[in-house]
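A.B. asks: with the sequence up front, the predicted model follows.
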Amino acid sequence: MKILLIEPTKAPLTIGGEDVFIYEPLALEYIAAGVVKDHDVKILDLRLEKDLQGILRDFCPDVVGITAYTVHVNTVKKLFKEIKEWNPKVLTVIGGHHATMVPEDFLSQFIDLIVMGEGVFAFREIITRFEIGGGFHGIPGVAFATGGSLTKTDSSPEVELDAFPFPERKLTAIYRKQYYSEWMKPLASIRTSKGCPHRCNFCALWKLAGGRYLRRKTEKVVEELAEIDEKFVFFADDESLVDAPRMKTLARLIREAGIRKKYFLYGRSDTIARNPEVLKMWREIGLERVFVGLEFFRDEDLQYIRKGSTAGDNENAVKVLQDLDIDIYASFIVRPEFNKEDFLGFRRYCHRLGLSFASFAMLTPLPGTDFYDQVKAQLITHNYDYFDLLHTLLPTTLPLKEFYEEFYNLYKKGVPFGKQFRLALKKYPLQEILPLIKKSDRILNQLKNAYRDY
């Protein structure tokens, strides 16, 4: 049986996405690994390859599966319509984050099945049933339309992460040189854990793991790392550093295995501040960069989102990383209530921290989060194309045009140009710097004019 798995591209109005970074489609590689031994499987990354019709014509799939975040919902529905118009007999399956949180959004005549939760074993069973002409009732974690409404099976049982096969990276071989985040290219991804013990109200990742923190065996992580060819590796965990003893063990095993790579992972500021010795161990084996969710510069804002960390934690974490010469990907959040003084305070805070790189996201009520339930009556748009973390979904205190001018200036001035330029000179080949500046300016101008999208 021929199975086509698709990573969707962003919508035209969506800001960011693959214009800024492209990570390998790890979820699809996991799904593929569950069926590739018995079937002809192809992964199509529409962020890098646009000819869907050509692929359908040449490959002629019997089954098409697509993964989606919230921002992809409209795009994915259009893709499934196009696929069903090409061949109504194709079995169409949707999975991923949004399908798990809000499966009702994929109730469509063009979508046959919705997979909720980890999909490797559910998808394998779907393929087995489809091949013999059986029905799909009783497959845990699957939903489908019956009489215009959605029928859901029981939730799939939580599976130990080590029960999953290694991702089938051979199926993305033609794309792998193009996966990147800033200068880290080509960039591979690996999952070593799932979930988070914290309860931030703007995040649903902790809910996907039932509030637990699931860990892979460190030996299995090292075994998979040894099979990865890329020099740069991103740890696609919800929070990589939360279990400090485990991360020490993993660092030791990587060193003993002689694996030499450059690592990029996510850590909370309070975790980093409490465990400088863990960061030191990782720096010694190749940790180059840490994505830190600093979020806000005031404790009251951090408390508003139930972050569980403080502005003091942020400052301590930045100092730990700077002392170890680990690059900081500082991630902040902007509230729609911000006025000019708030934006100015944010810029001053970033300068005081001495950052060389910072990103700023809009506080976004994503479906499935507690924050969404709290503010959904106030949403100014329900168009999922705008759920890109850069369009505001809530009313702003400042006039919209003025708000986006301040947002734009936060990006332009939050980190002094001199620091940004020195980082670029240090990290990028010289010939890439001018195109990088032009691309950044293009995206920032799109952000500055985002008020027009409403």
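C.D. replies: Great, that's in hand.

A.B. asks: what count of nearby residues applies to A424?
C.D. replies: Neighbour count for A424, taken as other C-beta atoms under 10 Å: 19. Using the backbone N, CA and C atoms, a C-beta is placed for each residue, glycine as well.

A.B. asks: what of L250?
C.D. replies: L250: 26 neighbours (other C-beta under 10 Å).

A.B. asks: surely it touches V221?
C.D. replies: Yes: contact criterion C-beta atoms under 8 Å: L250 and V221 qualify, at 6.1 Å.

A.B. asks: need the residues touching each of those two.
C.D. replies: T192 (C-beta atoms under 8 Å, 6 or more residues apart in numbering).

A.B. asks: what's the closest residue to L205 other than its chain neighbours sitting at in phi/psi?
C.D. replies: Leaving out its chain neighbours, the residue that sits closest to L205 by C-beta to C-beta, 6 or more residues apart in numbering is D238, at 4.5 Å. With angles defined as degrees, to the nearest 10, D238 sits at phi -70, psi -40.

A.B. asks: quick one, what contacts D238?
C.D. replies: Neighbouring residues of D238 by C-beta under 8 Å, 6+ apart: 193-196, 205-206, 209, 266.

A.B. asks: one more: P429?
C.D. replies: Neighbour list for P429: empty [criterion: C-beta under 8 Å, 6+ apart].

A.B. asks: how much space separates it from P435?
C.D. replies: According to C-beta to C-beta, to the nearest Å, P429 stands 11 Å off from P435.

A.B. asks: same check, this time on R212
C.D. replies: Counting by C-beta to C-beta - R212 and P435 are separated by 44 Å.

A.B. asks: and A68, by the same measure?
C.D. replies: Counting by C-beta to C-beta, the gap from A68 to P435 is 30 Å.

A.B. asks: these two: which is more packed in?
C.D. replies: A68 (24 against 10).

A.B. asks: wait, that one sits on G96?
C.D. replies: Yes: at 4.6 Å, A68 counts as touching G96 under the criterion of C-beta under 8 Å.

A.B. asks: quick one: which of the contacts of D238 sit in strands?
C.D. replies: Judged by DSSP state E, the subset of those located in strands is 193-195, 266.

A.B. asks: which residues of the stretch 51-200 of the chain fall in helices?
C.D. replies: 52-59, 73-86, 97-101, 120-131 (DSSP state H, counting those that start in this stretch).

A.B. asks: tell me the mean pLDDT for the shortest one?
C.D. replies: Same thing as helix 97-101. The average pLDDT within helix 97-101 is 96.

A.B. asks: what number of residues lie near the nearest residue to H98 once chain neighbours are set aside?
C.D. replies: Closest residue to H98 apart from its sequence neighbours, by C-beta to C-beta, 6+ apart: T70 at 4.7 Å. Other residues near T70 number 22, with proximity taken as other C-beta under 10 Å.

A.B. asks: how about K78?
C.D. replies: A total of 13 residues lie near K78 under the criterion other C-beta under 10 Å.

A.B. asks: start at 23 instead
C.D. replies: Yep, numbering from 23; the last one is K100 now.

A.B. asks: got a list of what it touches?
C.D. replies: Applying C-beta under 8 Å, 6+ apart to K100 gives no contacts.

A.B. asks: roughly how far does it sit from F132?
C.D. replies: 9 Å.

A.B. asks: in which helix or strand does I355 reside?
C.D. replies: strand 349-356 (DSSP states H and E).
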